[in-house]
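[1] sequence? don't have it. structure:
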């Protein structure tokens with residue numbers, strides 16, 4: 001999957017928020033400062049060409065919707081990010097945040113608790 005530009009990601013956030021809509025509805029759901037309408041329309045067309053959006057013509061207007069969920073995009077983006085910047089190691093990613101003092105000991109304990117809850121077979125080897 002191709003990584004999106006910041007402008008494309010911002011547009012996709014609006015699409016995911018709206019669900020299905022036209023360029024105007026996406027523009028209304030973007031944070032300020034909003035891009036000009038024509039810029040967003042161009043970005044939406046590019047996202048459609050890249051396969052991130054599908055469209056259908058209703059009357060004389062196109063309605064667009066995402067062809068990938070936000071969760072799937074995040075998962076693929078994070079997997080690529082960890083692979084490219086942290087030698088495909090989530091441990092290295094966490095270590096980076098610890099070294100940068102972005103994660104506290106308490107937050108790490110919360111993460112460990114989440115991991116233990118999601119893996120009921122842990123420790124039963």
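    Okay, I see it. Bear in mind the structure is a predicted one, so any value in this text is a computation, not a measurement.

[2] tell me who's in contact with residue 53.
    15, 44, 47, 64-67 (C-beta atoms under 8 Å, 6 or more residues apart in numbering). Quick note: C-beta positions are derived from backbone N, CA and C, even for glycine.

[3] ugh, typo on my part, it should be residue 61
    residue 22 are the contacts of residue 61 under C-beta under 8 Å, 6+ apart.

[4] ok, what's across the strand from it?
    Going by DSSP bridges, residue 61 is paired in beta bridges with residue 58.

[5] any quick ChimeraX command for the buried ones out of the contacts of residue 53?
    Those of the contacts of residue 53 that count as buried under 16 or more other C-beta atoms under 10 Å are selected in ChimeraX with:
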select :15,44,47,64,66
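
[6] quick one: end-to-end distance for stretch 55-69.
    15 Å (C-alpha to C-alpha, to the nearest Å).

[7] what about the residue nearest the centre of the chain, distance to residue 49?
    Taking C-alpha atoms, centre = their mean, the centroid of the chain lies closest to residue 74, which sits 4.1 Å from it. With distances taken as C-beta to C-beta, to the nearest Å, residue 74 is found 22 Å from residue 49.

[8] what of residue 93?
    32 Å.

[9] give me the more crowded residue out of the two.
    residue 93 (16 against 9; other C-beta atoms under 10 Å).

[10] which element is the more buried one on?
    Using DSSP states H and E, residue 93 sits within helix 90-99.

[11] now for the next helix or strand after that helix, which elements pack on it?
    From helix 90-99 onward toward the C-terminus, using DSSP H and E, the following helix or strand is helix 105-118. With contacts taken as 3 or more C-beta pairs under 8 Å, 6 or more residues apart in numbering; DSSP states H and E, helix 105-118 sits against helix 90-99.

[12] between helix 105-118 and the helix it packs on, find me the angle.
    160 degrees (axes from the mean of the first three to the mean of the last three C-alpha atoms, to 10 degrees).

[13] how about helix 90-99: buried residues?
    Neighbour-count burial for helix 90-99 [16+ other C-beta under 10 Å]: residue 93.

[14] what helices and strands are in contact with that helix?
    Applying 3+ C-beta pairs under 8 Å, 6+ apart, one finds that helix 90-99 contacts helix 70-85, helix 105-118.
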